[in-house]
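Any chance you can model this:
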Amino acid sequence: MEAKTSYKCMVVDDEALARQLIETHIAGVPGLEIVYSCLSAAEAGEYLKLNKVDLLFLDIHLPQLSGIDFLKSLEHPPKVIFTTAYSEFALEGYELNVLDYLLKPITFERFYKAVHKAIEILDIEKEIKESSSAQLEEKSILIKSSHQLIRIELADILYIEGLHKYIKIVSKQKNYTTLFAISAMEKELPSQQFYRCHRSFIINLSKVELIEGHQLVMGTHRVPVSKSNKQELISKLGRQIG
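Next comes the predicted model:
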């Protein structure tokens, strides 16, 4: 299997020997790297709040919260391969769109077959995402500023601020001011890339580095996000990252 990229893996299993075996199997497959290993759904959930994982090896029988219930609780789950000593949960696992179902003890041959399928799917999704990003970068808007017509690449825009009848476009290179309503500009921009996080601000989702309270950080810039829009924004940022 030729690895086009490296995919981040997490292992969740309350049995130490089972975790170690899966970690050893992961180390033997080019294109996979283990970034986190834990014994409970609670630990896994805390990690996923702050970190991106491409492939999750999830035991079904976990203490307190089962792997199935944990997976159901994730709004934007990574790709999942179930691991368990019991075969009766296979049907429910497939209904949850898991990639495969590995029965313990897991041989490397069976493991390799499962991750080969996972890597193929992840490679395809990555190619589609990169293709979409490339198409987006080719798009631009034309504005009139300082008696000039100026073309601005959408990919260069950090955010747009509404200033009564005017808008200020903040890009990588410089700022532009033009006579245009922010509500009208919102309709012109692709919704998958731009989001109106505040009545006076539209942000480029791909430029957001982090959220601090009710402010978005983009390099040296800070943009407010309204309380009513914060949860939707977090969801959109999750899809951008996943």
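
From here on, just use CA atoms for contacts and neighbour counts.
Noted.

list the buried ones in stretch 64-79?
S66, G67, I68, F70, L71, P77, P78, K79 (16 or more other Cα atoms under 10 Å).

what distance separates the start and the end of it?
Using Cα to Cα, to the nearest Å, one end of stretch 64-79 lies 22 Å from the other.

That one: how far from the chain's middle?
Distance of stretch 64-79 from the chain centroid (Cα atoms, centre = their mean, to the nearest Å) equals 16 Å.

residues making contact with that stretch?
With contact meaning Cα atoms under 8 Å, 6 or more residues apart in numbering, stretch 64-79 is reached by 40-42, 53-56, 58-61, 93, 96, 98-99, 118, 238-239, 242.

Kindly indicate which of the buried residues of stretch 64-79 lies nearest Q20.
G67 (18.1 Å; Cα to Cα).

Return the subset of the buried residues of stretch 64-79 lying in strands.
K79 (DSSP state E).

Same list (the buried residues of stretch 64-79) but as CSV, adding distance to S146.
Below are the buried residues of stretch 64-79 laid out as CSV (distance: Cα to Cα, whole Å):
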residue, distance to S146
S66, 62
G67, 59
I68, 59
F70, 56
L71, 54
P77, 48
P78, 48
K79, 50
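
picking that back up, write a PyMOL command that selects only the buried members of the contacts of stretch 64-79.
Of those, the buried ones go into a single PyMOL selection, burial set by 16+ other Cα under 10 Å:
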select buried, resi 40+41+53+54+55+56+58+59+60+61+93+98+99+118
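
Of the contacts of stretch 64-79, which belong to strands?
Short answer: the contacts of stretch 64-79 in strands (DSSP E) are L55, L56, L58, D59.

ok, now how distant is the second one from K230?
Using Cα to Cα, one obtains 27 Å as the distance from L56 to K230.

what residues are up against A44?
Counted by Cα under 8 Å, 6+ apart, A44 has contacts V12, C38.

In three-state terms, label it for me.
Following DSSP: H, G, I helix; E, B strand; the rest coil, the label given to A44 is helix.

Can you check the pLDDT for it?
At A44, the model reports a pLDDT of 97.

Please report the distance of it from L71.
For A44, the distance to L71 - Cα to Cα - is 11 Å.

Kindly report the same for K227.
28 Å.

Also I26?
Relative to L71, and taking Cα to Cα, I26 is found at 21 Å.

now swap in T107 and tell me
Counting by Cα to Cα, the gap from T107 to L71 is 24 Å.

same deal with F180?
For F180, the distance to L71 - Cα to Cα - is 45 Å.

Give me the below-cutoff pLDDT ranges for the protein.
Applying pLDDT under 70 to the chain flags the ranges 1-4, 88-95, 128-138, 239-242.

Please parse the chain into its domains.
7-135, 140-241 (automatic domain parsing).

Centre of the chain to the last one, how far?
Offset of domain 140-241 from its chain centre (Cα atoms, centre = their mean): 20 Å.

How about the first one?
Once both centres are worked out by Cα atoms, centre = their mean, domain 7-135 turns out to sit 16 Å from its chain's centre.

Give the buried residues for stretch 29-37.
Applying 16+ other Cα under 10 Å to stretch 29-37 flags V29, G31, L32, E33, I34, Y36, S37 as buried.

Filter those down to the ones in helices?
With DSSP state H as the criterion, helices contain none of the buried residues of stretch 29-37.

which of the residues you listed lies closest to L163?
Y36 (45.9 Å).

partners of the closest one in the sheet?
Note on Y36: beta-bridge partners by DSSP bridges are M10.

Before I go, just wanted to say thanks for your time.
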